[in-house]
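> Fold the following, please.
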Amino acid sequence: MLSPRPTAVPRLRIACIRSSSRSLFTTSPATVGHFRPSAAQNQVFQASQVRGKKTRTVMRLEDLPQGPIVMSQPLSPLPTTAAEEPEEDNVPAYPTVVLQARRNMQKFDNCVLLTRVGGFYELYFDQAEEYGPLLNLKVAQKKTNAGPVSMAGFPIFQLDRFLKILVQDLDRHVAIAEEFPNDSSAMIKSGGLMHDRRVARIVTPGTLIDENFMDPYANNYVLAIHLPEEGIQGQGDVGMQQQAQNDTETADPRDETSTPLGLAWLDISTGYFFTQPTTLASLGSVLSRVSPREIVLDEALESSKNHGIISTLTEDRYMLSYSPLGDLQKLSDWEPMLEASIPSHTADKFTDNEVKAGSLLLHYVRDRLRGLSMKLQPPLRHESMQIMSIDKNSMRSLEIKTTIKDNGFRGSLLHAVRRTVTKSGARLLTEWLSSPSTSLEVINFRQDLVSRFIQNKDLQDSIIILLRRSHDSQRLVQKFALNRGEPDDLLRLASTIKATEDIVNLLKNTSAESPSPPSDDKNDCLSTMISRLALKEPRELAHCIRDAIDEEGLVVRHQLEDSETGEMIALAQEIVKTEGSEQESSMLLKGVMAKKQKQHQQQQEQKKKAPSIRDYYGEDNEIWIMKPGASPGLSRLHAELSSLTHAKIELTETLRARLNAPTLTLKWTPGLGHICHVKGKDARRTPTPPEWTLLGERLDKTRSQIRAEEQRVFARLREQVVLNLVKLRRNASVLDELDITTSFAQLAVDRGLTRPLLNNTQHTVIMGGRHPTVEGGLAEQGRTFQRNDCLLGAPGHGRVWLITGPNMAGKSTFLRQNALITILAQIGCYVPADYAELGVVDAIFSRVGSADDLFRDQSTFMVEMMETAAILRQATPRSFVIMDEIGRGTTPEDGTAVAFASLHHLLHINKCRGLFATHFHAVADLVAEQHMRLEDGGTTGAVEMYCTDVEEDDRGGFVYVHKLQKGINRKSHALKVARLAGLPEPAMRIARQVLGSSEGVTIQGRSETSPKQAPVVG
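Numbering: from 1, shown residues only. Model prediction:
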């Protein structure tokens, strides 16, 4: 007996109704109405064509009517003709799926729309034609009653691959329309369509959650900027402002950059949330530290392309998005999106601009997530955090996160010191390097941990091994907060909790066995870390996860998914082989072979294991991911399923004997339902007995109930994760700090680093300092680095060092290495030096290197002067400043004047620590004439002279002496560098002749032995 087929659902045809709303598609000329004048109007037109005598009327300007034009009565609409009447019934209709896509494209007109259709995501209309070639997709023409429709598509398992191209490479917003099952009434309205397709999420560069192409070692921030209304209206045209500034010599350039701003940024993948007040002048430095992937502005700025802030943002090519402020107006409106309330003592410190920026950001993110629940950490005010300020130019010139040459990772300070074993630890290290601490308590605590791990190598190695067993729990728990976690994520979370428990036990045992007294700081740091870890509730959660989820079932499920993917790839290969080229086939195969090898290895391992519960109870490849004991309901249902399965086996044997068909099996097929299947020599048409139909329906019902119960158990586990969100995040933060401090300990042993002493003085004492990145590069070549001392502000030493010497002799390297040593010391890392004692620095400023910005009409010298001006305005007595070759981009006379003025300002106005390198030897003469040398004494004497040199032999060979020594080197030896660079010999000969003819005279044109009287500087 065959089970009856389901009743066909009636289908409705939906016509495409023309609307006056803006459309994405070009209409044909036939749909555009033409104006047809009436007979009376034709007469008027003909009469107006008769030309009369030319006349001239003169009126005074004040006699012209002023004000708006007032209509005495509204104009009547033009009469419509029969051709202009709507022809809804006669307009051909697109298929319903295409209509759904068209509606979503009109609603989200600034996005690339990916529409889910079964096992594919598809693009339609002009988007298919524009992005199909960019994605290397074949653009086809879908035939419809309304005409051909361009379309392109790809399998669903390749979504991450194409999202990466669209979002990361092309910086596009992508709207993903998923399938939602229709109920009975919706199916009738849609013409029998089983699914409605609605946009479930909008993916942008700054709103990534768990995509595989996310950088696991960097935070993915989206940042919002709020300007007060007067700031939006007051800076409309940058060009006009610059012209006004040029016309007024006394204008203060700080006036137009002092506009107060509010910033807010968050990482959806981890839940981090920050705010900060700043100004337009400091915006670039903040953005360099945060490195946002996307910036959100108020939609009122979208039409103000010449606004000053737009110029600042486009300078570094940030991706800009615009959004309305929305319904979030105050801090209390943020509460539903936070995991905990904002403390009252903190809430009072938020400025109005910060609140507006945070509201703009949360509204934008909530709109992108399209209804997904969101639980963020309470916002932290960056203004109240004790951190060192590193401006944009210093971040770049010191190569802290990337190199200047190719913007790459290798060769940066981060590359030199990163030894972390977890992805979240690597992200935290990047944050520390971008924002070193200025708190002695925090710095000393980190150093105590590093010292502890150096002393106990076994403890360090054991913690590293346990950390390798953990996972990126910061992003794991956030996935559950967004209701996106999977069973595999639960198992990873349970594994991380187990690793955390083992680390706590290890720290407790080490602390108990330590011979140091309890009051010792180095021992107390371990106790502090233990006290910050909460394990009771997370341990219970891990036990629930382990007891509920069947890992073998998950393995089998992934194997089936890989098998389905392999079949899809094989089909694609067959199509490409017959219709495509070898290049397209090779692109398709890229990455597939590695995946197949891994899949084959997993299958071989699986064969050696005992059959799982699903293999025992399942039918038609049914796989369960929950153990039968995960809940009482599952236990009962699995017992019932086992009983029904035994009944099926008995019924099969009975029917085989009754029908004399040894090959008979009981099956279910989508088209025929429950049937008796006979193959081989016994093959014949066999009616399905009613007892198998009834038994099969009971089996189907039980399996459906098991699936529903598994979903309920999984939802309960996800809810428990969200309930433990705060504790899990705090534990993850402790693991990240342990990861960094153990890596610092390993780095200190490998590179011979020293623990620096930090205090609140304004001294910098570094003995035997080395450059942390250059030293590593030289070591790879088998060379050693020349150590140098730096004694700024120490007793008997100057607060500012003026350094002269030849090109290529290491002046810039010396400047940078001391700035980098200061940064390393204030993140809690040991430093490359024999001894270091540093006063805490509140900001580091660097003016090193040369660059221009011709697009904005800024020469090399202009860029140099802008950076110098920013340093002289912002440096404080607690700052550390390095300046190299100030004034090099102009004439020697002007360059000397600017260089000396900058040095004078640092010494007398900023009163900070500084290293000042120059080739203008007259600057040293001016320092001596103004009694600014250390040996001159008094309140102004704080400059020491140091130099590098070149040693030559009798045969013309030479070697650079990188060791600093006291004094002034008045020779730059530029011709030696020119010879090393390969300057042609005729050019070298002329250069030597010119240099020889001017021997004894400085480049400023006065004798080295008898300088002119320098002007007195007040």
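
> Low-confidence stretches in the stretch 451-600 of the chain?
514-523, 561-600 (pLDDT under 70).

> just the helices in it please.
Under the criterion DSSP state H, counting those that start in this stretch, the stretch 451-600 of the chain contains helices at 457-468, 473-481, 487-513, 521-531, 536-548, 551-579, 582-589, 592-608.

> for the stretch 901-1018 of the chain, same thing?
Counting by DSSP H, counting those that start in this stretch, the stretch 901-1018 of the chain has helices at residues 922-929, 974-980, 985-997.

> what sits up against the longest one?
Applying C-beta atoms under 8 Å, 6 or more residues apart in numbering, the set of residues contacting helix 985-997 from outside is 975, 978, 979, 983. For glycine as for every other residue, the C-beta is placed from the backbone atoms N, C-alpha and C.

> swap the cut-off to 7 Å and go again
Residues outside helix 985-997 that contact it (C-beta atoms under 7 Å, 6 or more residues apart in numbering): 975, 978, 979.

> can you pull the buried residues of it?
Buried residues in helix 985-997, defined by neighbour count with 16 or more other C-beta atoms under 10 Å: none.

> So which residue is smack in the middle of this protein?
Nearest to the mean C-alpha position of the chain, counting by C-alpha atoms, centre = their mean, stands residue 220 at 2.6 Å.

> Can you give me every residue that contacts that one?
Residues in contact with residue 220 (C-beta under 7 Å, 6+ apart) are 206, 208, 214, 267, 269, 293.

> related to what we said a few turns ago, CSV please, covering the contacts of helix 985-997 and showing distance to residue 822.
Formatted as CSV, these follow (distance: C-beta to C-beta, whole Å):
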residue, distance to residue 822
975, 35
978, 34
979, 36
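
> Among these, which one sits closest to residue 354?
residue 978 (54.1 Å; C-beta to C-beta).

> Look up how far residue 945 lies from that closest one.
Here the criterion is C-beta to C-beta, to the nearest Å. By it, residue 978 lies 26 Å from residue 945.

> Neighbour count for these two, which is higher?
For the pair residue 978 and residue 945, the greater number of neighbours falls to residue 945 (20 against 15), based on other C-beta atoms under 10 Å.

> what bridges to that one?
In this entry, residue 945 is beta-bridged to residue 802, by DSSP bridges.

> Surely it touches residue 965?
No. With contacts counted by C-beta atoms under 7 Å, residue 945 stays clear of residue 965, the gap being 9.9 Å.

> related to what we said a few turns ago, I'd like the contacts of residue 220 as TSV, with distance to residue 705 appended.
Below are the contacts of residue 220 laid out as TSV (distance: C-beta to C-beta, whole Å):
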residue	distance to residue 705
206	42
208	37
214	38
267	40
269	36
293	45
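
> Check pLDDT for the residues you listed and point me to the minimum.
By pLDDT, residue 214 ranks lowest within the contacts of residue 220, coming in at 88.

> circling back to that earlier point, what's the closest of the contacts of helix 985-997 to residue 924?
When these are compared for distance to residue 924 (C-beta to C-beta), residue 975 wins out at 21.9 Å.

> list the contacts for the closest one?
Residue 975 makes contact with 988, 991, 992, 995, according to C-beta under 7 Å, 6+ apart.

> what about residue 653, how many neighbours?
Residue 653, neighbours per other C-beta under 10 Å, totals 11.

> Show me where the stretch 701-850 of the chain has its strands.
Remark: strands assigned in the stretch 701-850 of the chain by DSSP state E, counting those that start in this stretch are 757-759, 764-769, 788-792, 800-804, 835-839, 843-847.

> Please spell out which residues along the fifth one are buried.
Neighbour counts over strand 835-839 (16+ other C-beta under 10 Å) mark 836, 837, 838, 839 as buried.
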